[in-house]
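Q: Here's my sequence, what's the structure:
(one chain, ligands or ions: 1)
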Amino acid sequence: MAIITPLTEKLGLDVPVLLAPMAGVSGGALAAAVTNAGGFGFVGGGYCDREWLRREMEAAGNTPTGVGFITWALEKDPALIDLVLARRPPAIFLSFGSIGGFAGKIKAAGALLVVQVQSVAEARRAAAEGADVVVAQGTEAGGHGAGRATLPLVPAVVDAVGPIPVVAAGGIADGRGLAAALMLGAAGVLCGTAFFASRESLAHPNAKQAAVAGSGDATIRGSLFDLARGIDWPEPWTMRTLANDFSRQWDADPAGLRDNLAAEQARYAKARDQGDMDVAAVIVGEGVDMVRAIEPAESIVRRIGAEAEILLHRAGCHLSR
Ligand SMILES: Cc1cc2nc3c(=O)[nH]c(=O)nc-3n(C[C@H](O)[C@H](O)[C@H](O)COP(=O)(O)O)c2cc1C
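A: Sure thing, here's the model as predicted:
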């Protein structure tokens, strides 16, 4: 028995689970592990470091994987897309910005164009600009995102762009989330937080431990950490992370952070390198309650699929005869 949806058919998957292209976290080994387990992995092209991307695409080897880009960052180095398309990936993922300048090239290369959006209006725009799959990302998500919640956003996007397959993202980290997303009309799920602490993830070991110990109760969404990282994220996007000593200090005094920016950026960079998670951000979403161990990505994919299958079988028990 397997779950079959337009997403599994388009990408030839056993389980309708996509690995989010998490910048600095979803490297080639993780992306390949997710694909090999029956899902599909995206390497996190993030802020477009060519050397990093070349290395991680090599690490994925011959396993079919895709690459995800932060679209506004890709506009700074558009040639990067050619470097990736030359390897003939089955899919490319774009998020956070207009896809218009890239869509034609991606589709002409034969790659599936997967576009992540945070609103119904953006979903309509992505569909009009050629998205083959639309990812509806709710505010529960780890990393950057916006304000709408997954539960109402997904069916609204399904209604807006159908028959284009919609993938649900944000707060989905187990089979209950996958089964629920399918009930909302989604063709699958995109998970980041669920894989953050996986064995193959490139996150710092201390960040993985903090995720395992962390709770969705303790996540916040804001821009403090982007300021500390020196990344000028455009509006309306903010980043969800666990709160820590650094965020608590500067949340109460954002002007103070700006006044001490150079010193605080240096402190932040050192903390990130050393794995000091009292200062550096643990970038996870509300689904982190469901991350309870550091385990191979294969186990995570297979568990999400198996749990969802059981729940879908049992779904009929809610009906009276
Ligand atoms: C550590 C981390 C880094 C992320 N980096 C990116 C990124 O570079 N590009 C992107 O499109 N999305 C990024 N995201 C967001 C994901 O694409 C996805 O929407 C999110 O992980 C889904 O919600 P979840 O974390 O609850 O699974 C990131 C998420 C996390 C947790």
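Q: so where is the stretch 51-200 of the chain shaky, pLDDT-wise?
A: Within the stretch 51-200 of the chain, no stretch has pLDDT under 70.
Q: now the helices for it?
A: Along the stretch 51-200 of the chain, counting by DSSP state H, counting those that start in this stretch, helices occupy 71-74, 80-85, 100-108, 120-128, 150-161, 175-183, 193-196.
Q: which of the ones you listed is buried the deepest?
A: Highest mean neighbour count among the helices of the stretch 51-200 of the chain (mean count of other C-beta atoms under 10 Å): helix 193-196, with a mean of 30. C-beta: built from backbone N, CA, C; applies to glycine.
Q: tell me which residues in the helix or strand just after it are buried?
A: Sequence order places helix 205-213 as the next helix or strand after helix 193-196, per DSSP states H and E. In terms of neighbour count (16 or more other C-beta atoms under 10 Å), helix 205-213 has its buried residues at 207-211.
Q: could I have the longest helix along the chain exported to PDB, CA atoms only?
A: Secondary structure of the chain per DSSP state H: the longest helix is helix 297-314. C-alpha atoms of helix 297-314 as PDB (Å, rounded to 0.1, in the frame of the first residue of the first chain):
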ATOM      1  CA  ALA A 297      16.700  11.000   7.400                       C
ATOM      2  CA  GLU A 298      15.600   7.700   6.000                       C
ATOM      3  CA  SER A 299      13.900   6.800   9.300                       C
ATOM      4  CA  ILE A 300      12.100  10.200   9.400                       C
ATOM      5  CA  VAL A 301      10.800   9.800   5.800                       C
ATOM      6  CA  ARG A 302       9.700   6.200   6.300                       C
ATOM      7  CA  ARG A 303       8.000   7.000   9.600                       C
ATOM      8  CA  ILE A 304       6.100  10.000   8.300                       C
ATOM      9  CA  GLY A 305       4.800   7.800   5.400                       C
ATOM     10  CA  ALA A 306       3.900   4.800   7.500                       C
ATOM     11  CA  GLU A 307       2.100   6.800  10.100                       C
ATOM     12  CA  ALA A 308       0.100   8.700   7.500                       C
ATOM     13  CA  GLU A 309      -0.900   5.400   5.800                       C
ATOM     14  CA  ILE A 310      -2.300   4.000   9.100                       C
ATOM     15  CA  LEU A 311      -4.200   7.200   9.800                       C
ATOM     16  CA  LEU A 312      -5.700   7.300   6.300                       C
ATOM     17  CA  HIS A 313      -6.800   3.700   6.700                       C
ATOM     18  CA  ARG A 314      -8.400   4.500  10.000                       C
END
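Q: helices or strands next to that helix in the packing?
A: Applying 3 or more C-beta pairs under 8 Å, 6 or more residues apart in numbering; DSSP states H and E, we find helix 297-314 packed against strand 17-19, helix 28-36, helix 175-183, helix 193-196.
Q: Now the residue of the chain found nearest the ligand. Nearest residue, chain neighbours left out?
A: Nearest residue of the chain to the ligand (C-beta to the nearest ligand atom) works out as Gly192 at 2.1 Å. Of all residues not flanking Gly192 in the chain, Ala20 sits nearest, at 3.5 Å (C-beta to C-beta, 6 or more residues apart in numbering).
Q: May I see the buried residues of helix 205-213 organised as JSON lines, with pLDDT added?
A: Below are these laid out as JSON lines (pLDDT from 0 to 100):
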{"residue": "Ala207", "pLDDT": "98"}
{"residue": "Lys208", "pLDDT": "98"}
{"residue": "Gln209", "pLDDT": "98"}
{"residue": "Ala210", "pLDDT": "98"}
{"residue": "Ala211", "pLDDT": "98"}
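Q: Is it possible to get TSV of the residues you listed that adds distance to Ala173?
A: Shown next, in TSV, are the buried residues of helix 205-213 (distance: C-beta to C-beta, whole Å):
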residue	distance to Ala173
Ala207	16
Lys208	15
Gln209	17
Ala210	16
Ala211	11
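Q: In TSV: those residues, plus distance to the ligand.
A: Shown next, in TSV, are the buried residues of helix 205-213 (distance: C-beta to the nearest ligand atom, whole Å):
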residue	distance to the ligand
Ala207	9
Lys208	11
Gln209	15
Ala210	12
Ala211	9
